[in-house]
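> coordinates only, sequence not included:
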């Protein structure tokens, strides 16, 4: 019902008649880039506020509630403060890499954000190897973290970066394997195809226990991959001051900070797409009337609802579980998550082969 | 070998149970976040602020409505104080009723700037003359204002307190 493709196509044809093929393409590329950068900034602001507020409630505190209504403008004020701060440059730092690192991290975050399907047709880059592309691009972020740690010439930053490297190399496997488990069901890597395959029901319901297990394995592994608590060793503030971004200030620090929160959104968005049917409305079997009412809710709202549910779960994890030690972290991956993922993959393969899924 | 596999899965299930137990605790917190928030918004609620019974803000010498206190000037609190916060200045005066000379409190000097609110003086007091007060807004513009005289002018010992 809510299909954005015709509107977007009409905009494109309108532009093409006026600007020609290349002009229209160039304008559309610029527009999409600007829109995604805007989404990037707004997401960062909103998520930082939500995170601070929810973490406060988990600890029976109030959180930011002074600037604006219930503190909603707090992050805007923080952003302005960060923009006006002095960019400290280190004498002993590797200048080129030091300045490059925040951009590499932002690049990875924005590119993955560009893959997210928001609604039917509202999809910036619908490539046929979508999931593989996401897994490939999201691991570029670690290059930025390693560069930041190395070029800062600071022992805390270096230790943080090295931890991050070990962590991401390990947990990448689990992310890939848990998504592979779901690809057995979807039969396609294209994100829009994955969502279309869930038109009759979300995979987390239709895939029985292995799908639920895959969801939690994916969530655990990707929380580790985006360096969020309880796996936030690369920036463990109690031991490493701030980890890999110790030596960054002002706007460059803001880039790291933003990328972290936007990565959280993209992880939740991929989980939503693969397990919870993306922007598909919630349907219950044969309840025709109920299903019809659900169809009226715009897909963007469904998508954001599901994403915020997953983000809430991630925040719940972060503010409940204590941080792991580096050896415990690697043990968790190599001794538990990876074998479980392989086992889950086999179970899912048998299930799909026998056709037991709905 | 099967035993090892069984142990492996048992470990995983125990870990999951532990994690769920933790999440239930924090989940309970966020479910009751509306009513059970511990943080007080201090300067805003200054008029209705209620401190706790056990809060130690300052040492106070209790006076009743007849401007009588219970301090006999025995200096037990001064001895008990680890950092010389309390100075009891006393004198031997003639008791108007019995005509005997008796130790009496002249001035109860309290150096708030040195007090750590350790409560030892209150425990040492044999007549329960002093008590920890609830006031905590001690900021002043001059250090000398932190040295206080606790017994009110014209106050005397309550009858029957020895």
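Structure's in. What do you need? What you see is a predicted model, and the numbers here were worked out from it, not measured in a lab. Numbers count the residues shown, from 1 in each chain, chains lettered A, B, ... in the order given.

> Now the stretch 201-350 of chain A against chain B: closest residue?
Distances between the stretch 201-350 of chain A and chain B by Cβ to the nearest Cβ are smallest at residue A:320, namely 4.4 Å. Where C-beta positions appear, they are placed from N, C-alpha and C, glycine not excepted.

> And the residue in chain B positioned nearest to chain A, how close does it get to residue A:289?
Per Cβ to the nearest Cβ, residue B:33 is where chain B lies closest to chain A, at 3.8 Å. Residue B:33 sits at a distance of 35 Å from residue A:289 (criterion: Cβ to Cβ, to the nearest Å).

> Same question for residue A:155.
The gap separating residue A:155 from residue A:289 is 64 Å, by Cβ to Cβ.

> Of those two, which one has the most company?
In this view residue A:155 and residue A:289 are compared by other Cβ atoms under 10 Å in any protein chain shown, and residue A:155 has more residues nearby, 11 against 7.

> got a list of what the residue lying closest to residue A:143 once chain neighbours are set aside touches?
Nearest non-adjacent residue to residue A:143, counting by Cβ to Cβ, 6 or more residues apart in numbering or on different chains: residue A:104, 5.7 Å away. Contacts for residue A:104 (Cβ atoms under 8 Å, 6 or more residues apart in numbering or on different chains) come out as A:140, A:141, A:143, A:144, A:147.

> List the buried residues of the longest strand along chain B.
When chain B is parsed with DSSP state E, its longest strand is strand B:101-111. If you call a residue buried by 16 or more other Cβ atoms under 10 Å in any protein chain shown, then strand B:101-111 has these buried ones: B:104, B:105, B:108, B:109, B:110.

> tell me the two of those that are most distant?
Pairwise distances across the buried residues of strand B:101-111 (Cβ to Cβ) peak at 18.1 Å, for the pair B:104 and B:110.

> Out of the contacts of residue A:104, which end up buried?
Neighbour counting over those (16+ other Cβ under 10 Å) leaves A:141, A:143, A:144, A:147 as the buried ones.

> Helices - which of those residues land there?
A:141, A:143, A:144, A:147 (DSSP state H).

> Report the contact partners of the third one.
Right, the one you point to is residue A:144. A:101, A:102, A:103, A:104, A:105, A:107, A:108.

> and the second one, what pLDDT?
Looking back up the chat, that one is residue A:102. pLDDT for residue A:102: 87.

> State the distance from it to chain B.
Here residue A:102 is placed at a distance of 33 Å from chain B (Cβ to the nearest Cβ, to the nearest Å).

> now the fifth one
Counting by Cβ to the nearest Cβ, the separation of residue A:105 from chain B is 30 Å.

> didn't that residue look like it was pressed against residue A:255?
Yes: using Cβ atoms under 8 Å as the test, residue A:105 is close enough to residue A:255 to be in contact (6.6 Å).

> quick one: which of those two has more around it?
The residue with more neighbours, out of residue A:105 and residue A:255, is residue A:105; 27 against 23, by other Cβ under 10 Å.

> What's the first helix or strand after the strand or helix carrying the more buried one?
Residue A:105 belongs to helix A:95-114 when assigned by DSSP states H and E. Using DSSP H and E, the helix or strand that follows helix A:95-114 in sequence is helix A:130-138.

> Show me what counts as buried in that following helix.
Neighbour counts over helix A:130-138 (16+ other Cβ under 10 Å) mark A:130, A:131, A:133, A:134, A:135, A:137, A:138 as buried.

> Give me the number of neighbouring residues for the residue nearest to residue B:42 when sequence neighbours are not counted.
The shortest distance from residue B:42 to any non-neighbouring residue, by Cβ to Cβ, 6+ apart, is to residue B:49 (7.1 Å). If you count neighbours by other Cβ under 10 Å, residue B:49 ends up with 13.

> doesn't residue B:40 make contact with residue B:49?
Yes: applying Cβ under 8 Å as the test, residue B:49 and residue B:40 come out as touching, 7.1 Å apart.

> Quote the end-to-end distance of stretch A:313-327.
The straight-line separation of the ends of stretch A:313-327 (Cα to Cα, to the nearest Å) is 25 Å.

> quick one, domains of chain B?
What automatic domain parsing lists as the domains of chain B is B:2-36, B:58-157.

> tell me, what residue is most central in the chain?
All of this refers to chain A. The C-alpha lying nearest the average C-alpha coordinate of chain A belongs to residue A:266 (Cα atoms, centre = their mean; 2.1 Å).

> Chain B is the one I meant
Centre-most residue of chain B, counting by Cα atoms, centre = their mean: residue B:56, 2.0 Å.

> from memory that residue sits against residue B:132, does it?
Yes: judged on Cβ under 8 Å, residue B:56 makes contact with residue B:132 at a distance of 4.3 Å.

> Identify the contacts common to these two.
B:117, B:119.

> Residue B:74: which of the contacts of residue A:144 is nearest?
Of all the contacts of residue A:144, residue B:74 sits closest to residue A:102, with 69.2 Å by Cβ to Cβ.

> how many neighbours does that closest one have?
23.

> is it true that it touches residue A:258?
No: counting by Cβ under 8 Å, residue A:102 does not reach residue A:258; the two are 9.4 Å apart.

> still on that earlier bit, want to try CSV for the buried residues of helix A:130-138, with distance to chain B as columns?
Formatted as CSV, the buried residues of helix A:130-138 follow (distance: Cβ to the nearest Cβ, whole Å):
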residue, distance to chain B
A:130, 31
A:131, 27
A:133, 32
A:134, 27
A:135, 25
A:137, 30
A:138, 25
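
> returning to that earlier point: so which of the contacts of residue A:104 comes closest to chain B?
Nearest member of the contacts of residue A:104 to chain B, counting by Cβ to the nearest Cβ, is residue A:141, at 26.7 Å.

> so who does residue A:38 touch?
By Cβ under 8 Å, 6+ apart, no residues touch residue A:38.

> in the chain, which helix has the most residues?
Here I'm looking at chain A. Scanning chain A for the longest helix, with DSSP H as the assignment, gives helix A:5-58.

> that's the wrong chain, I meant chain B
The residue-count maximum for a helix in chain B (DSSP H) belongs to helix B:2-31.

> Can you get me a residue count around residue A:37?
Around residue A:37 there are 13 residues (other Cβ under 10 Å).

> wait, it sits on residue A:110?
Yes: shown here, residue A:37 and residue A:110 form a contact pair, counting by Cβ under 8 Å, at 7.1 Å.

> how about the residues of the stretch 1-150 of chain A near chain B?
A:54, A:57, A:58, A:59, A:60, A:61, A:62 (Cβ under 8 Å from any Cβ of the partner chain).

> Which element, helix or strand, includes residue B:131?
Applying DSSP H and E, one finds residue B:131 within strand B:130-133.

> packing partners for that strand?
strand B:58-61, helix B:120-124 (3 or more Cβ pairs under 8 Å, 6 or more residues apart in numbering or on different chains; DSSP states H and E).

> dump the residue contacts of residue A:82.
Residue A:82 is in contact with A:250, A:251, A:253, A:254, counting by Cβ under 8 Å, 6+ apart.
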